[in-house]
Each structure stands twice: as structure tokens, then as C-alpha cells.
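Undergrad: return a 3D structure for these sequence lines:
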Amino acid sequence: TGDSDRLIQLKVEEQALIAAYNTASIEKYTTIYNGEEIDLEGIYEIGKQIGTDEMYTLLREVYAEKNTVLGDIYIDMINVRNEIAELSGYDTYAEYSYEKEYYRDYSPNDSKMLFDSVKETIVPIYESITQQIDYNNIYGAYNKAGFSEENLIEKSKECIEMISDSFSDTFSFMIDNNLNNIGADENRMDMSYTTYIYGYDVPFMFVTTEDSIFDLQSVIHEFGHYYAFNNYVSKGNVSLDISEVNSQGLEVLSWEYYDEIYGEEIGYDVYLYMLSLMTESIITGCMYDEFQQKAYALEDPSISEINKIYYELCGEYGREVYDSGSGEGYLWVDITHNFIAPFYYISYAVSAMVSLEIWQIQIENPEKALNFYMDFVKNSATVTSLELLVSAVGIPSPFDEDSAVRLSDKVDEMLADAKESDSAA
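TA: Here you go, the predicted model:
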């Protein structure tokens, strides 16, 4: 039929635009400084010499150029994808993407309800957490705790076994059978992931290290995927949101043992830092989904309108933005997902909300939290709906009206208790 032929054509156009984005995104964008061209790397190199104000002026000039080039591609993507949604029988591309691309059991309207509660409650608690962190303890914590590339696997196993001995056999099996690649070298991809090797019917974990506290967290995160795939989830078939709870959930369970891993002096600050990052993922997950929903809803989108949407949302979500002086923000072009995986980002927020429900339980009862996590992972093999899965294991839905408030209250309580302990000491 005509619609089928047009859909095929649109899909081809979409892939061509993604290819154009991939090329344009790695170009070097420049401005003029002292009569010579300078790019982003050069601006950061001289940043301390020229001062913050002048550095930001140069950054805005470079991003203005980058924004113009990538913005044109983005508008073409919006037009193509909106037509794909319309021909597929959907009112919006957001609805199409949620259902057809990510197989979610919640809608863009459900996410909209989360946006306001995150702005009102999660943004303030994120700021409260970051204000309590002694960042001097974060820098160098990895080496101070005796971590190295040589002993990372051993120390990761120690941490995982602190959470539960039930993980030990799977971790040992992964190491003994070389079903992992953990390390750093010039020729490896700068990313971490867990995949499934269908020919051998086993998962495989890949982690790129950087000699920082993120190395332990990356191993634990990816092992959450590995454990689920190896023991319950057939060939890694699981929804994005559920899969991320399998990994993030194990992360939050590890925080309890940071005093033992990093030492009491710095363990609490690393704990707070990781909590701040997961809280931040809720904020950015919601912000970029709201950004996409508003951009794709524009009748005749322009780069200026899209920039203004981004600028306004940065203010509402407490994000940094290079103010161009015209109420426009440019940095959205740095987020690859905006171009190649629209409406992906909300999964970071939703999975983090569920994982932090497990964290709240752990504060009161670590054994109970572990049981909730294990039940979640076990049931993720057969329950493909996130809403049904959290209901089945007794974890509140991230879309409950009081989920964000409950998280905010628990963080406030934890920070107050820590402050009282410091005063008593």
C-alpha cells in the first residue's frame, strides 16, 4: 500500500539523518580567540588563564555554531518521525516511541505526572545531598582505598559478597570462565555493557575502567545485569526499565558497605556521591523526556524555539545552562540520545525511582531490601510489565503520587541523622 511504501521511505530517511548526525557530531566546532581558531578542547585548556566569564563567552560561541548545524538535523528528524507516528496510527511520536520502540506499559502522560513532582521534590533534595558531600574525599578515594586495576575484580567480589553470598557462585563462574573483559587500554571502547552470547548461551560483561570510584560501581552495575541474565532472564530478553532496575538495584544495595570498602573516613562521602548521581539521573531522565515531548509537539519547529524550551527546562530542573543572552540554551545537542534514541531517557528516571525504593527499604532493613531485589530479578524473567512487576514484589510504583515525596523525606531524614551524629561526635 501507499502508506507502507511511505513508511519504508521514512525509515530510510531517518537512518540517513542519523548517519548525518553521527558525522556532524564529531566535527570540531570553533570560534576565534586572539586572531586564531580555537575549539572546545582549547577553550578548556586556557580556561584558568582567561577567567570564567571569558571562557563562557567562548563556549557559547562554539556551541552556537554546533547548535545550528545539529539543530537543523534534529528538526528534520522531528518531521520525519512525526510522520512515521501519524502513518502508524499514533497521535504523537512520543506515544509511538513509548509503545513501539521501548514496549513500555506506561504512557507519555504518565511521565508528565512525574515531571512536576520531580521538579518540586527531587531537585531540592539533589541540591541538599551535593551540599553535604566533602568532595576532597571523593578525589583519590579509589587509590586511598587500595584499589588498582590488578585487584579490582577481587575487591568487587568482596563487595558483592557483602551484599549476599548468593551472588558468589555466579561471580566466580563469570571470572573462572573468562566471561568478562574488565580493564583499560587505548584501543578499547570507552563504555561498559553486558550482552548475551547466543552460541554459548551465556552472558558476557565488558567494563572499561578509569582508575576511579566509578570502576567498582561499573562492575557492580554490570554484574546486576549479568546475574539476572545468567540465572533468570532467558537470553537477556527483558524490558529496558526492568533491566536497569536489575543493575541499579544492586548498586544501591552496595552503598551500605562503603564504610568497609573505602574506610569510614571517606565511605560516607562516596555513598552520598553515588546517591546524588542516581538522584540526578531521575532529574535528567525527566528533563530530557519533557524536552523531547515539547520539541516534537511544535507545529513548525525552529532551532530558536527548541533552544528556548531547553533553556526554560534547565531552569525548572536546576540544570546549568550557558545563557546566550536571548533565553536560549545550546547544550541539548551534546546528548546523543536526543538524536538517535528519542524518549529513551525517561527509563533512567523510572528505573532509578524503583531502585531508590529498594534503597529506602535497606536503610530500615537490609535483609528485607535484598529479598525485594531478589524477588524483582527472579520475576523479571516472566513479568515484562514494570508496573505489574513492582506490584508483584510489593515495591511502590514510580508513578505513585507520593513516590517522589517519600524519597525526599527519606533523604532529609538520613541527612538530618548524619548531621546529628556529627554533632554528637
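Undergrad: what ranges does the stretch 1-150 of the chain have for its helices?
TA: 2-25, 40-45, 47-50, 52-87, 93-96, 108-117, 123-132, 135-138, 141-144 (DSSP state H, counting those that start in this stretch).
Undergrad: okay, these, which one's buried deepest?
TA: Highest mean neighbour count of the helices of the stretch 1-150 of the chain: helix 93-96, a mean of 24 (counted as mean count of other Cβ atoms under 10 Å). Every C-beta, even on glycine, is put in place using the N, C-alpha and C of the backbone.
Undergrad: what lies in contact with it?
TA: Applying Cβ atoms under 8 Å, 6 or more residues apart in numbering, the contact partners of helix 93-96 are 78, 81-82, 84-85, 88, 90, 107-108, 292-293, 296, 342-343.
Undergrad: now do stretch 168-184
TA: Contacting residues not belonging to stretch 168-184 are listed as 149, 152-153, 156-157, 160-161, 188, 202-211, 219, 223, 226-227, 230-231 [Cβ under 8 Å, 6+ apart].
Undergrad: buried subset of the residues you listed?
TA: 152-153, 156-157, 160, 202-209, 219, 223, 226-227, 230-231 (16 or more other Cβ atoms under 10 Å).
Undergrad: narrow those residues to those in helices?
TA: Leu152, Ile153, Ser156, Lys157, Ile160, Val219, Phe223, Tyr226, Tyr227, Asn230, Asn231 (DSSP state H).
Undergrad: wait, which of those residues is closest to Ile306?
TA: For these, the residue nearest Ile306 by Cβ to Cβ is Val219; the value is 38.0 Å.
Undergrad: which ones are touching the residue nearest to that closest one when sequence neighbours are not counted?
TA: Setting aside the residues directly before and after it, Val219 is nearest to Ser156 in space (Cβ to Cβ, 6 or more residues apart in numbering), at 4.2 Å. Contact analysis of Ser156 by Cβ under 8 Å, 6+ apart lists Phe171, Leu216, Val219, Ile220, Phe223.
Undergrad: I'd guessed the last one sits against Cys159; true?
TA: No: taking contact to mean Cβ atoms under 8 Å, the distance of 9.9 Å between Phe223 and Cys159 leaves them out of contact.
Undergrad: mutual contacts of those two, please.
TA: Counting by Cβ under 8 Å, 6+ apart, Phe223 and Cys159 have no contacts in common.
Undergrad: got any ranges where the chain has weak pLDDT?
TA: 1, 234-237, 323-324, 419-425 (pLDDT under 70).
Undergrad: biggest strand in the chain, by residue count?
TA: strand 202-208 (DSSP state E).
Undergrad: quick one: strands adjacent to it?
TA: strand 180-183 (parallel), strand 193-197 (antiparallel) (DSSP bridges).
Undergrad: what distance do you get for the residue nearest to Val219 to Asn82?
TA: Distance, Ser156 to Asn82, by Cβ to Cβ, to the nearest Å: 45 Å.
Undergrad: check Gln132 too.
TA: 44 Å.
Undergrad: for Cys314, same thing?
TA: 24 Å.
Undergrad: and the helices in the stretch 151-300 of the chain?
TA: 152-163, 168-176, 213-231, 240-255, 258-262, 264-296.
Undergrad: any chance of CSV for these, columns distance to Thr23?
TA: Formatted as CSV, the helices of the stretch 151-300 of the chain follow (distance: least, Cβ to Cβ, whole Å):
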stretch, distance to Thr23
helix 152-163, 36
helix 168-176, 37
helix 213-231, 29
helix 240-255, 27
helix 258-262, 43
helix 264-296, 22
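Undergrad: closest to Leu10 out of those?
TA: Going by Cβ to Cβ, the one of those nearest Leu10 is helix 264-296, 14.8 Å.
Undergrad: what residues sit buried inside the closest one?
TA: Taking 16+ other Cβ under 10 Å as the criterion, helix 264-296 shows 266-296 as buried.
Undergrad: after that helix comes which helix or strand?
TA: Tracing the chain C-terminally past helix 264-296 and defining elements by DSSP states H and E, one meets helix 303-317 next.
Undergrad: quick one: work out the angle between that following helix and helix 123-132.
TA: 70 degrees (axes from the mean of the first three to the mean of the last three Cα atoms, to 10 degrees).
Undergrad: contacting residues around helix 303-317?
TA: 67-68, 71-72, 74-75, 118-119, 123, 283-284, 286-287, 290-291, 294-295, 298, 319-321, 323-324, 326-332.
Undergrad: now swap in stretch 58-68 and tell me
TA: Contacts to stretch 58-68, defined as Cβ under 8 Å, 6+ apart, come from residues 29-31, 33, 38-40, 43, 50, 303, 307, 322-324, 330-331, 333.
Undergrad: repeat that for stretch 48-57.
TA: Outside of stretch 48-57, the residues within contact range by Cβ under 8 Å, 6+ apart are Ile43, Tyr44, Ile46, Gly47, Leu58, Tyr322.
Undergrad: what two of those are the furthest from one another?
TA: By the measure Cβ to Cβ, Ile46 and Tyr322 form the most distant pair in the contacts of stretch 48-57, at 17.0 Å.
Undergrad: of those two, who's got more company?
TA: Using other Cβ atoms under 10 Å as the criterion, Ile46 and Tyr322 rank with Tyr322 on top: 18 against 15.
Undergrad: so who does that one touch?
TA: Tyr322 neighbours (Cβ under 8 Å, 6+ apart): Tyr56, Leu59, Arg60, Tyr63, Gly329, Tyr330, Leu331.
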